[in-house]
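# Need a 3D model of the following:
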Amino acid sequence: MGCSKIWSLVLCVAGLTTSLLTYYVEMKKLENPESEALCDINEDFNCSAVITSPYAVGFGVVEPLLGKDHFLNIPNPLYGIAFYLVIILFSLIQTSPLLAKCQFFLVLLINCGTPILGYIMLYVIQKYCIFCLGIYVINLGLLITSYCKKRALQANASPYYDQGPKRKDEPRLPFDFKKNI
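Sure thing, here's the model as predicted:
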């Protein structure tokens, strides 16, 4: 489980860094549309085309459904920043099977959106964004590490999640799950 914690944190930091960098590039591009982004490699690998598309804000669905001024209509990298911060928090808490399940299902949900965003990037916008591709790989890695964490904690957990201290010198919780169930 220690290995999955380290990999999860490494992947989260990479995802957080990539999301922050993408947000920075997006804001610079909105500030000066004529500027060339550092991720604009050539005509095909052109982050600017992707991050200035209508799909780069609210995943392209918030504005049509809820309006341009809705609080959820924010640049996609901000969603990524929030997501990676939550997963970092979950990764640091290693002993809760419930949080491991929450982490896994949150990462699974994010990975369900990846093919949709990939499809939009490749077939609708018809450009590649290296930051987006990196995020997709990072999210797949997080799915694997989250699954490993969930599986390891479930294998070690009792139906009560905590049966009290294993040794006499360990502190007890103020209540006993066995008695309360």
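
# what helices or strands is the biggest helix by length in the chain leaning on?
The single longest helix within the chain, with elements called by DSSP state H, is helix 2-31. Helices and strands touching helix 2-31, by 3 or more Cβ pairs under 8 Å, 6 or more residues apart in numbering; DSSP states H and E, are helix 47-51, helix 76-92, helix 130-156. For glycine as for every other residue, the C-beta is placed from the backbone atoms N, C-alpha and C.

# Next, the buried residues of the longest one.
Right, helix 130-156. Applying a neighbour-count criterion of 16 or more other Cβ atoms under 10 Å, one finds 130-132, 134-136, 138-139, 141-143, 145-150, 152-153 buried in helix 130-156.

# same check, this time on the second one
When neighbours are counted by 16+ other Cβ under 10 Å, the buried residues of helix 76-92 are found to be Asn76, Pro77, Leu78, Tyr79, Gly80, Ile81, Phe83, Tyr84, Ile87, Ile88, Phe90, Ser91.

# How far off centre is the helix or strand just after that helix?
Using DSSP states H and E, the helix or strand that directly follows helix 76-92 along the chain is helix 97-119. Centroid displacement of helix 97-119 relative to its chain, using Cα atoms, centre = their mean, to the nearest Å, is 7 Å.

# now what about helix 97-119, what contacts it?
55, 59, 83, 86-87, 90-91, 93, 132, 136, 139-140, 142-143, 146-147, 149-150, 153-154, 157, 161 (Cβ atoms under 8 Å, 6 or more residues apart in numbering).

# hey, C-alpha coordinates of that helix in CSV?
The C-alpha trace of helix 97-119 is given here as CSV (Å, rounded to 0.1, in the frame of the first residue of the first chain):
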residue,chain,number,x,y,z
PRO,A,97,-11.6,1.8,3.3
LEU,A,98,-14.5,4.2,2.9
LEU,A,99,-12.2,7.0,1.7
ALA,A,100,-10.4,4.5,-0.6
LYS,A,101,-13.8,3.7,-2.2
CYS,A,102,-14.6,7.4,-2.6
GLN,A,103,-11.2,8.0,-4.1
PHE,A,104,-11.6,5.1,-6.5
PHE,A,105,-15.1,6.1,-7.7
LEU,A,106,-14.0,9.8,-8.1
VAL,A,107,-11.0,8.7,-10.2
LEU,A,108,-13.3,6.3,-12.1
LEU,A,109,-15.7,9.1,-12.8
ILE,A,110,-12.9,11.3,-14.1
ASN,A,111,-11.7,8.5,-16.3
CYS,A,112,-15.2,8.0,-17.8
GLY,A,113,-15.0,11.6,-19.1
THR,A,114,-11.5,11.1,-20.6
PRO,A,115,-12.7,9.2,-23.8
ILE,A,116,-15.3,11.9,-24.4
LEU,A,117,-12.8,14.7,-24.1
GLY,A,118,-10.3,12.7,-26.2
TYR,A,119,-13.0,12.3,-28.9
